[in-house]
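Chemist: generate coordinates for the sequence data below:
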Amino acid sequence: MGSTLKNSGLVGLGALAGVAFSMQFSALAQKPVEQGMPLEELRQLSDAYDLIKTDYVEPVADKKLLTDAITGMVASLDPHSAYLDKKAYRDLREGTQGKFVGLGIEIAQSEEGYIKIVAPIEDSPAWRAGIKAGDLITRINNEAIQNLGIDEAVKKMRGEPLTKVTLTLLRKDVALPLVMTIMRQEIIQKSVKGKIVEPGYAWLRISQFQEPTVDDMAARLAALYQQDPSLKGLVLDLRNDPGGLLQGAIGVSAAFLPRGAEIVSTNGQLANSRQSYLGKPEYYTLQGDGDVLARLPAALKTVPMVVLVNTGSASASEIVAGALQDYKRAVILGSQTFGKGSVQTIKPLGGDTAVKLTTARYYTPNGRSIQARGIIPDFLVDENADGDGLNGLRMREADLEKHLSNDRDKESAASTREQLDAQRRLLAVERKRKPLEYGSADDFQLAQALNHLKGLPVQLAKPAKDLVAEAPAAPAPAKKRK
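Modeler: Residues are numbered from 1 along each chain as shown. Purely as a prediction, here's the structure:
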């Protein structure tokens with residue numbers, strides 16, 4: 001990703017970042033093969049296959065050649081289409097269910113090239129072993145991992161239940177490396193949490209849209225209203241929510257909108273990809289427990305709301321923000337979202353493999369395409385009082401190679417080299433900043449959201465040119481010693 005920050009991940013969680021999955025695990029044969037196949041190109045493919053089999057320096061298995069051909073063909077379409085082998089397919093299904101086999105740690109890449117622990121999941125194997133936020137993983141099973149990508153590190157730490165993995169860690173203020181052997185277990189992750197942040201005002205966070213999300217949200221909202229039946233304001237926090245299940249986004253939106261309101265529409269090549277999704281139980285119920293939203297307090301439809309978003313808010317979270325913004329049901333506050341406006345459908349191929357294929361673009365109720373543009377907040381507010389911090393360094397959809405174009409609106413321009421240079425200079429300042437805990441007393445954007453709900457002034461983001469002007473100058477190149 002060059003100078004941009006990589007998304008953090010959960011060890012054992014499926015690769016859901018920036019994806020709104022429609023849970024149509026459908027057969028591939030939905031459209032008849034057209035006449036007039038490109039025979040010349042098919043012959044070239046066959047000839048290349050034969051050449052590799054006969055002339056390559058060492059033998060290559062047929063299965064590898066064919067699998068790699070499928071992988072390359074699908075990956076060439078756009079950044080979100082992919083071939084899923086048995087393991088990837090299993091991981092994806094685990095991720096959408098909100099449970100997975102792993103250690104229970106949220107990780108990110110460190111500046112030194114190691115794997116940094118963002119946070120252990122409470123009561124997970126990693127949490128019980130004593131792993132702490134800020135620890136750096138330097139070795140996995142005694143193998144050095146400096147400059148190893150997050151995806152590869154996750155693969156090394158995943159495995160079957162009740163198997164062990166040994167981590168070597170560096171911890172601040174501890175002189176010697178720590179070596180911990182941890183047993184992998186099934187982790188059940190809650191994607192919803194919330195609390196009363198002060199009398200009359202609640203904070204509800206959704207970190208990802210999974211199968212249990214709508215049920216978990218309904219339970220959490222009911223608990224919040226039981227704790228404070230006279231809520232005057234609600235903050236829905238979708239920051240760093242990378243997406244997930246389309247049905248989850250529909251259900252979350254439906255909780256706050258009139259029954260039956262259109263939440264999102266999609267349009268693609270197939271007839272069944274041209275649909276409108278409404279705020280009705282048949283569009284969001286996955287658990288088979290009836291309409292959990294029907295039991296929520298009626299006041300939820302009218303309580304004043306602010307939705308918090310940032311560059312890490314993608315896909316399903318953008319669907320929610322876009323719907324609530326179009327109906328003027330909530331004010332959107334934060335920074336411009338990722339801009340992931342396409343739907344991926346899982347197409348099984350047999351043999352426990354599948355293709356994750358982009359099948360449609362999605363649109364807000366007012367017909368806006370989010371693809372490569374994102375949701376622009378009503379109030380642009382930085383992550384911190386003095387700037388947008390590391391959030392401003394993240395890659396967006398418009399920065400990705402082969403991204404789908406926005407078919408209805410002008411795309412937001414990808415980051416320019418001048419902007420990236422300024423962001424690099426700001427990084428030196430951000431390294432010294434204490435990691436932000438969403439929902440805490442130090443959460444600046446949450447404080448601004450509460451100010452808006454109370455009718456108080458909101459501190460808006462500084463223009464980009466002001467941030468560039470304030471960025472410290474890059475150090476001069478070091479002189480060579482002679």
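Chemist: residue ranges in this protein under the pLDDT threshold?
Modeler: 1-36, 95-98, 287-289, 390, 392-393, 410-435, 464-482 (pLDDT under 70).
Chemist: name the single longest strand found in it.
Modeler: strand 353-363 (DSSP state E).
Chemist: starting at the chain centroid, how far to that strand?
Modeler: Its chain's average C-alpha position is 16 Å from that of strand 353-363, according to C-alpha atoms, centre = their mean, to the nearest Å.
Chemist: and the next helix or strand past that strand?
Modeler: Helices and strands here follow DSSP states H and E; after strand 353-363, the next one along the chain is strand 379-380.
Chemist: which residues are contacting that following strand?
Modeler: 331, 332, 333, 334, 335, 336, 448, 452, 458, 460, 461 (C-beta atoms under 8 Å, 6 or more residues apart in numbering). From N, CA and C alone the C-beta is placed, and that goes for glycine too.
Chemist: hmm, 7 Å instead?
Modeler: 331, 333, 335, 452, 458, 460, 461 (C-beta atoms under 7 Å, 6 or more residues apart in numbering).
Chemist: narrow these to just the buried residues.
Modeler: Neighbour counting with 16 or more other C-beta atoms under 10 Å marks 331, 333, 335, 452, 458, 461 as buried within those.
Chemist: which residues touch the fourth one?
Modeler: If I follow you right, that is residue 452. Taking C-beta under 7 Å, 6+ apart, we find residue 452 in contact with 306, 331, 333, 379, 458.
Chemist: also the third one?
Modeler: Residue 335 makes contact with 310, 311, 377, 380, 388, 391 under the criterion C-beta under 7 Å, 6+ apart.
Chemist: with neighbour count and distance to residue 196 as extra columns, can I get the residues you listed in CSV?
Modeler: Shown next, in CSV, are the contacts of residue 335 (neighbours: other C-beta atoms under 10 Å; distance: C-beta to C-beta, whole Å):
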residue, neighbour count, distance to residue 196
310, 27, 23
311, 25, 28
377, 24, 25
380, 17, 27
388, 25, 28
391, 21, 26
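Chemist: compute the number of surrounding residues for residue 409.
Modeler: Applying other C-beta atoms under 10 Å, we find 13 residues neighbouring residue 409.
Chemist: does it count as helix, strand or coil?
Modeler: coil (DSSP: H, G, I helix; E, B strand; the rest coil).
Chemist: relative to residue 267, how far out is it?
Modeler: Distance of residue 409 to residue 267, given as C-beta to C-beta, to the nearest Å: 14 Å.
Chemist: ok, now residue 71?
Modeler: To residue 267, residue 71 is 27 Å away according to C-beta to C-beta.
Chemist: and if you look at residue 53?
Modeler: 43 Å.
Chemist: got it, and residue 68?
Modeler: 32 Å.
Chemist: those two: which is more packed in?
Modeler: residue 267 (16 against 12).
Chemist: end-to-end on stretch 286-296?
Modeler: 18 Å (C-alpha to C-alpha, to the nearest Å).
Chemist: then stretch 397-407?
Modeler: From its first residue to its last, stretch 397-407 covers 14 Å (C-alpha to C-alpha).
Chemist: flag every buried residue along that stretch.
Modeler: By neighbour count on 16+ other C-beta under 10 Å, the buried set for stretch 397-407 is 397, 398, 399, 400, 403, 404, 406.
Chemist: out of these, which comes closest to residue 172?
Modeler: Using C-beta to C-beta, residue 399 comes nearest to residue 172 of the buried residues of stretch 397-407, at 32.5 Å.
Chemist: doesn't residue 312 make contact with residue 337?
Modeler: No. Counting by C-beta atoms under 7 Å, residue 337 stays clear of residue 312, with 8.3 Å between them.
Chemist: those two: which has the busier surroundings?
Modeler: residue 337 (30 against 22).
Chemist: quick one: contacts for that one?
Modeler: 309, 311, 313, 314, 318, 321, 374, 375.
Chemist: and for stretch 209-220, what are the contacting residues?
Modeler: Identification of contacts with stretch 209-220 by C-beta under 7 Å, 6+ apart yields 96-98, 190-194, 204, 206, 243-245, 248-249, 251-252, 255, 284, 286-287, 289, 292-293, 296, 316.
Chemist: try 8 Å
Modeler: 20, 95-98, 189-194, 204, 206, 241, 243-249, 251-252, 255, 284-287, 289, 292-293, 295-296, 316-317.
Chemist: ok now stretch 208-222, how far from the chain's centre?
Modeler: Using C-alpha atoms, centre = their mean, the offset of stretch 208-222 from its chain centre is 17 Å.
Chemist: only alpha carbons, please: show the longest helix along the chain as CSV.
Modeler: Longest helix in the chain, counting residues (DSSP state H): helix 39-55. Below are the C-alpha coordinates for helix 39-55, written out as CSV (Å, rounded to 0.1, in the frame of the first residue of the first chain):
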residue,chain,number,x,y,z
LEU,A,39,-11.4,-19.6,-30.1
GLU,A,40,-8.1,-18.0,-30.9
GLU,A,41,-7.5,-16.8,-27.4
LEU,A,42,-8.6,-20.2,-26.0
ARG,A,43,-6.0,-21.8,-28.3
GLN,A,44,-3.4,-19.4,-26.9
LEU,A,45,-4.3,-20.4,-23.4
SER,A,46,-4.0,-24.1,-24.3
ASP,A,47,-0.7,-23.5,-26.0
ALA,A,48,0.7,-21.6,-22.9
TYR,A,49,-0.5,-24.5,-20.7
ASP,A,50,1.3,-27.1,-22.9
LEU,A,51,4.5,-25.0,-23.0
ILE,A,52,4.7,-24.8,-19.2
LYS,A,53,4.0,-28.5,-18.9
THR,A,54,6.7,-29.5,-21.4
ASP,A,55,9.4,-26.7,-21.2
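Chemist: alright, calling it a day.
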